[in-house]
Structure formats: structure tokens, C-alpha cells
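*Asks:* coords below, sequence missing:
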Ligand code: HEC
Ligand code: HEC
Ligand code: HEC
Ligand code: HEC
Ligand code: HEC
């Protein structure tokens, strides 16, 4: 109940949470979850418009006449209502909003009985009550009551205990009428199951896996949860920033990069060690995420005397390029919706350490520098999607290292 009106929980606008959960709201608002629809995310938007259609139109269906699966993950509130006009309700436009995650009750997995997949919110049993990781105890109502008395504030401090609750005394009838967001405890939210419906594996219509973060983790037999890295505790709350490929701070934590250079005759033997510290691939997620190592030899004035590639490493130095290729039946490059086969996958596997070896003429070399760059998009896509902002297209430096040659 919001403003005295009965609203189904999945349509509750996250602005309603802002007042009391200020920090979490701000973190969420800055995250890709809050920008996950084709109206807000320019990269997703470009693909959505190409593959599905106009996100501001009702009754959009795929070529096969189906409701667009994308919305099960990118716009859960709209998917629940089978709507496609994403600007018709604020909760649709908010993409993966507070209620999208806080109404997930039980995870049933993505593999449906008939060999098909249940993706996004379809992988879950949903609840009409909010779900909280710790659950609401009556003590929390009393604590809220006491706090309210201390503040001499007649604002409603805790709308989650429900009208039938013994603690209803701490909210005035008016407040209860205006905001009633009952909540129940659900420890599933502390586990990776809270993420996997949308982050496990998604195949295109030809059965080729596009994203497979969850699968990558299972292969690595990690005991870590997604939350342990993506929702750290900071300032006394569980962070909702949930950074990934769009977040350089997060990217900088993903890789350890070291150089070992030894003289052998007139050559230098250089080992560049790249270690993935994650239980999932780096890069992970969307197939077009990629990364590469740029290696340069510098003279004593800092001028480049040698480098491992001039234009792009994919052809000039493939071992330094970490990417997942998609192809057609003839093994030629194909974009995600059209791919019929998995191509070469040189991404760093879960916890993998890879050593790249180079022989470089030592004459005039004073130092060796390695830099790792991350890209949201394949070089080919960067050329196609000209309209995108440079911040989405430019390579980002995520790790570096330098050694002097003795
Ligand atoms: C992508 C999913 C997701 C979204 C979106 C999301 N949450 Fe959460 N939230 C979680 C999970 C998972 C936890 C539990 C984390 C844990 O305990 O490990 C959590 C925890 C919380 C907690 C308890 C925090 C604490 O410090 O104990 C609050 C409060 C909360 N969320 C509020 C919100 C609000 C408000 C929004 C929207 C502004 C929101 N959440 C959006 C998944 C989400
Ligand atoms: C009027 C204030 C208020 C509003 C509005 C509000 N909450 Fe809360 N919420 C609280 C209080 C108080 C608590 C208990 C103390 C805490 O955990 O911060 C709480 C706790 C929570 C928790 C943690 C529960 C747990 O199990 O640990 C979640 C999740 C949550 N709220 C989600 C939401 C969402 C989603 C919305 C918007 C739809 C919302 N809240 C709106 C006051 C509010
Ligand atoms: C209802 C579906 C859904 C759930 C549940 C969900 N996510 Fe997401 N998540 C998405 C979508 C969709 C995107 C992509 C948004 C975009 O880039 O358009 C995303 C993006 C991300 C990103 C990438 C951000 C970036 O910088 O590109 C991270 C990290 C992430 N989610 C972590 C999590 C974690 C951790 C959980 C569980 C606590 C979780 N998500 C739960 C749908 C979901
Ligand atoms: C040990 C810490 C750690 C754990 C555990 C972890 N991640 Fe990550 N994750 C990272 C780091 C660091 C990055 C940034 C590097 C990258 O994008 O590969 C990242 C990136 C991502 C991205 C960004 C992909 C994109 O397209 O931009 C997603 C999505 C993601 N993780 C989801 C998950 C999910 C889901 C889980 C649980 C199944 C999980 N992560 C577990 C550390 C972790
Ligand atoms: C199973 C859930 C799911 C479905 C279904 C889904 N996506 Fe996504 N999508 C994600 C997640 C999660 C991310 C972000 C993390 C990652 O890259 O894995 C993402 C990221 C993307 C990105 C990259 C966005 C960016 O900011 O770089 C594009 C483009 C995209 N999806 C397009 C689509 C299209 C088009 C459809 C429908 C044809 C679709 N997705 C269906 C979960 C899904």
C-alpha cells in the first residue's frame, strides 16, 4: 500500500524506499541495475532496438511472436505484467529496482523441465511481500518505535511490520494507510541464488551461450557468494553499488599483473604473469567484454623501442588478447543474436594464472612496462556503434607494472 492505494508490490516505485534507505538508494541509482532498460542503457538499448524493437511501444513481440525474454532480466516489473512500453510506469523504467530483488522468494534454477530455460524472474517464485535477508523481528518494530519517540518524530520509521503486527502502535493509522510494505525474512538473499536467475547462463535462440557468469563459478567450485565481492559491507550497510565492467574501481581489483625480465645473451626473456583473482572468468558477462595486455620496452628517456602490437593484439599478438568469440557455421565472426557456434574463448578462467613469454632484443632497453586494458565492446562493435559515448568505447587501464633492466 502506497499513498493509501493498493499497488501490487512489483509495481512499487523505488522512490518509496529512498527516504529511509538513502545510502542504498543512492548506490542503486548509480548502478547498472537502475539503468538496465533499453531506455536508459545505451549499449543494451542499441541491441534491444535492433533485435526486438521500440522500448516505448506496447505489445512488441519477437519475430516468432513471443514476449521479449530480455525484459525478464532487464525490466522485471514490466515482464511481470507482460508489458513492453517501458515508459508507461516508473517501476518498469527503473529496470532491476529494489522490489525486483526484494520480492524474490525461492530460486528454482534456470533449467525448465521441457529443456527450455526459465530466465530472470521466471527462475524464481515471487512473493507479494518484500523479502529481507534478515527478516523483521518484533524487536525491530519496538526499536523503531523507541527511536521515533526519541526523535519526537511522527514519521513512520518502519513500514515493514504490517498492520496486523503487535507493534502497529509505533505507526499512526494515517501513516499505516499511506505506506505499508510488509516484509518477511528470506536468507536466500544472502546466497548467490539471489543473482543467478539473471546471471547464471543465457543462450541465444541457437543455443549458443552469451553470458555464463554463474556457470563459470560452478566450474571453479568457489565457495564465495556473489555478495562477498559485489555487496561488501561499508559504512555499516551492505553496498548496492554492484560494480562490474562499467566500474573501473571494481575492474582494478580483478587482475594481478607482474613482469619478470631476464637477460639471455643479446635478448631479454620476459614473462608477463596475469592472474585472475575471481571465481568467474575475466572478463565475464556479455560476450563482447574483452581485455588485452600491452607490453612495451622503453629506453632510458622513456621512448618506446619495442611493443607487442601496433594496432590491435587480436591478430598481432593473440596470446595477449582475452576474449570470447562467437561464430556462424563457417567459423566466421557473428554478432550475439546470430551466432550458431562458440568460437575461441581465451578469457582468463576462474582463478587462472597465465604466463605470456616474450623474447625482446635487449639493446637500448632500460625498462619493460605491461598494461592491461579492458573494453566493454569488441573493436568491431565500437566501429558500428558510432553514436555511443567515448566513455563506453575507450579502453580502460585496469592493471600495470614496470621493471628496470639491470
Ligand atoms: C540486484 C538485487 C538487489 C537490488 C536491485 C536491491 N537489493 Fe537490497 N539487497 C539485495 C541482497 C542480495 C541483499 C542481502 C545481502 C546480504 O545480506 O548478503 C540486500 C540487502 C538489503 C538491505 C539490508 C542491508 C543491510 O545492511 O543489512 C536493505 C535495507 C536493502 N537491501 C534495501 C534495498 C533498497 C532500498 C533497494 C533499492 C534502492 C535495494 N535494496 C535494491 C539485493 C538487492
Ligand atoms: C518509512 C521508512 C522506510 C521506508 C519508506 C522503507 N523502509 Fe525498509 N526498512 C526501514 C526500517 C526502519 C528497517 C529496519 C532497520 C534496517 O534494517 O535498516 C528497514 C529494513 C529494510 C530491509 C532489511 C530487512 C532485513 O531483513 O534485514 C530491506 C530489504 C528493506 N527495508 C527494503 C525496503 C524497500 C525495498 C523499500 C521500498 C519499497 C523500503 N524498505 C522502504 C524503513 C523503511
Ligand atoms: C532480475 C535480474 C537480476 C538480478 C536478480 C540480479 N541482477 Fe545484476 N544485472 C542484471 C542486469 C539486467 C544487468 C545489466 C544491466 C545493463 O548493463 O544493462 C546486471 C548487471 C550487473 C552487474 C554489472 C554492472 C556493470 O558494471 O556492468 C553486476 C556486477 C551485477 N549485476 C551483480 C549482481 C549481483 C551480485 C546480484 C545478486 C545479489 C545481481 N546482480 C542480481 C540483472 C539482475
Ligand atoms: C572474488 C570476488 C568476486 C566474486 C566472488 C564474484 N565476482 Fe563478479 N566481479 C568481480 C570483479 C573484480 C569484477 C570486475 C572484472 C570483470 O568484469 O571481469 C566482476 C565482474 C562481474 C560482472 C560484470 C560483467 C560485465 O559484463 O560487466 C558481473 C555481471 C559479475 N561480476 C557477476 C557476479 C556474480 C553473479 C557472481 C556470483 C555468481 C560474482 N560476480 C562473484 C569480483 C567477484
Ligand atoms: C537471463 C537474464 C538476461 C536476459 C534474458 C537478457 N539479458 Fe542482457 N544482460 C543480462 C545481464 C545480467 C547483463 C550484465 C552482465 C553481463 O554482461 O553478464 C546483461 C547485459 C547486456 C548487454 C550489455 C549492456 C552494457 O551496458 O554493456 C546487452 C547489450 C544486453 N544484455 C542485451 C540483451 C538483449 C537484447 C536481450 C534480449 C534479446 C537480453 N540482453 C536478454 C541479463 C540478461
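*Replies:* Perfect, thanks for sending it. This one's a predicted model, so the numbers in the text were calculated from it and none came from an experiment. Ligands and ions are numbered 1, 2, ... in the order given.
*Asks:* Next up, the contacts around the spatially most central residue of the chain.
*Replies:* The centroid of the chain falls nearest to residue 244 when counting by CA atoms, centre = their mean (5.1 Å). Contacts for residue 244 (CB atoms under 8 Å, 6 or more residues apart in numbering) come out as 32, 230, 250, 284-285. For the C-beta atoms, the positions are set from N, CA and C on the backbone; glycine is no exception.
*Asks:* and of the residues you listed, the nearest to ligand 4?
*Replies:* Within those, distances to ligand 4 taken as CB to the nearest ligand atom reach their minimum at residue 285, with 2.4 Å.
*Asks:* low-confidence ranges in the chain?
*Replies:* 1, 4, 138-158, 161-179, 219-221 (pLDDT under 70).
*Asks:* Which parts of it belong to which domain?
*Replies:* 9-131+187-195, 134-185, 248-404 (automatic domain parsing).
*Asks:* Out of those domains, which gets nearest to residue 225?
*Replies:* domain 9-131+187-195 (4.9 Å; CB to CB).
*Asks:* gap between the two ends of that closest one?
*Replies:* In domain 9-131+187-195, first residue to last residue: 20 Å (CA to CA, to the nearest Å).
*Asks:* Equivalent analysis for stretch 12-28, please.
*Replies:* Where stretch 12-28 begins and where it ends lie 15 Å apart, using CA to CA.
*Asks:* Could you shift the numbering so residue one becomes 785, and keep it that way?
*Replies:* With the count now opening at 785, the last piece we talked about shows up as stretch 796-812.
*Asks:* and for it, what are the contacting residues?
*Replies:* Contact with stretch 796-812 is made by 786, 818, 874-875, 878, 881-883, 941, 943, 963, 965, 1019, 1021-1025, as judged by CB under 8 Å, 6+ apart.
*Asks:* any residue of that stretch up close to ligand 3?
*Replies:* No. Among the residues of stretch 796-812, none lie within reach of ligand 3 under CB under 6 Å from any ligand atom; the closest is 11.1 Å away.
*Asks:* list the buried ones in that stretch?
*Replies:* 796-798, 800-801, 804-805, 808-809, 811-812 (16 or more other CB atoms under 10 Å).
*Asks:* Ligand 2 versus the residue of the chain positioned farthest from its centre, what's the distance?
*Replies:* Centroid-distance maximum for the chain: residue 1049 at 47.7 Å, with CA atoms, centre = their mean. From residue 1049 across to ligand 2, the span is 64 Å (CB to the nearest ligand atom, to the nearest Å).
*Asks:* Could you do residue 865 as well?
*Replies:* Going from residue 865 to ligand 2 by CB to the nearest ligand atom gives 17 Å.
*Asks:* That residue: neighbouring residues, count only.
*Replies:* Neighbour count for residue 865, taken as other CB atoms under 10 Å: 15.
*Asks:* picking that back up, out of the contacts of stretch 796-812, list just those in strands.
*Replies:* Cross-referencing the contacts of stretch 796-812 against strands under DSSP state E gives 1021-1022.
*Asks:* and the closest residue in space to residue 990 that isn't next to it in sequence, what does it touch?
*Replies:* In space, and not counting its chain neighbours, residue 990 is closest to residue 1124: 4.7 Å by CB to CB, 6 or more residues apart in numbering. Each residue near residue 1124 by CB under 8 Å, 6+ apart is listed here: 990, 992, 1111-1113, 1118.
*Asks:* so who does residue 1160 touch?
*Replies:* 827, 1029-1030, 1070, 1072-1073, 1176-1177 are the contacts of residue 1160 under CB under 8 Å, 6+ apart.
*Asks:* which of these sit farthest apart?
*Replies:* 1070 and 1177 (14.5 Å).
*Asks:* do the helix or strand hosting residue 1046 and ligand 4 meet?
*Replies:* Taking DSSP states H and E as the definition, residue 1046 sits inside strand 1039-1048. No. Strand 1039-1048 stays clear of ligand 4 (CB under 6 Å from any ligand atom), getting no nearer than 7.8 Å.
*Asks:* need the contacts of residue 1124 in JSON lines with neighbour count, can you?
*Replies:* Shown next, in JSON lines, are the contacts of residue 1124 (neighbours: other CB atoms under 10 Å):
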{"residue": "990", "neighbour count": "14"}
{"residue": "992", "neighbour count": "19"}
{"residue": "1111", "neighbour count": "17"}
{"residue": "1112", "neighbour count": "15"}
{"residue": "1113", "neighbour count": "10"}
{"residue": "1118", "neighbour count": "20"}
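*Asks:* Can you say which helix or strand has residue 1084 in it?
*Replies:* Using DSSP H and E, residue 1084 sits within no helix or strand.
*Asks:* How about it, nearest residue that isn't a chain neighbour?
*Replies:* Using CB to CB, 6+ apart, the closest residue to residue 1084 is residue 1150 (4.1 Å).
*Asks:* Isn't the one you found up against residue 1080?
*Replies:* No. In this structure, residue 1150 is not within contact of residue 1080 by CB atoms under 8 Å, at 11.5 Å.
*Asks:* Neighbour count for these two, which is higher?
*Replies:* Comparing residue 1150 with residue 1080 by other CB under 10 Å, the one with more neighbours is residue 1080, at 19 against 14.
*Asks:* Could you name the helices and strands sitting against the helix or strand hosting the more buried one?
*Replies:* Applying DSSP H and E as the criterion places residue 1080 in strand 1074-1082. When contacts are defined as 3 or more CB pairs under 8 Å, 6 or more residues apart in numbering; DSSP states H and E, strand 1074-1082 sits against strand 1051-1060, strand 1088-1091, helix 1097-1100, strand 1105-1106, strand 1137-1145, strand 1151-1159.
*Asks:* quick revisit: show me which of the contacts of residue 1028 neighbour ligand 4.
*Replies:* The residues of the contacts of residue 1028 that also fall near ligand 4, by CB under 6 Å from any ligand atom, are 1014, 1034, 1068-1069.
*Asks:* So which of these is surrounded by the most neighbours?
*Replies:* The most neighbours, when the ones next to ligand 4 among the contacts of residue 1028 are compared by other CB under 10 Å, belong to residue 1068, which has 24 neighbours.
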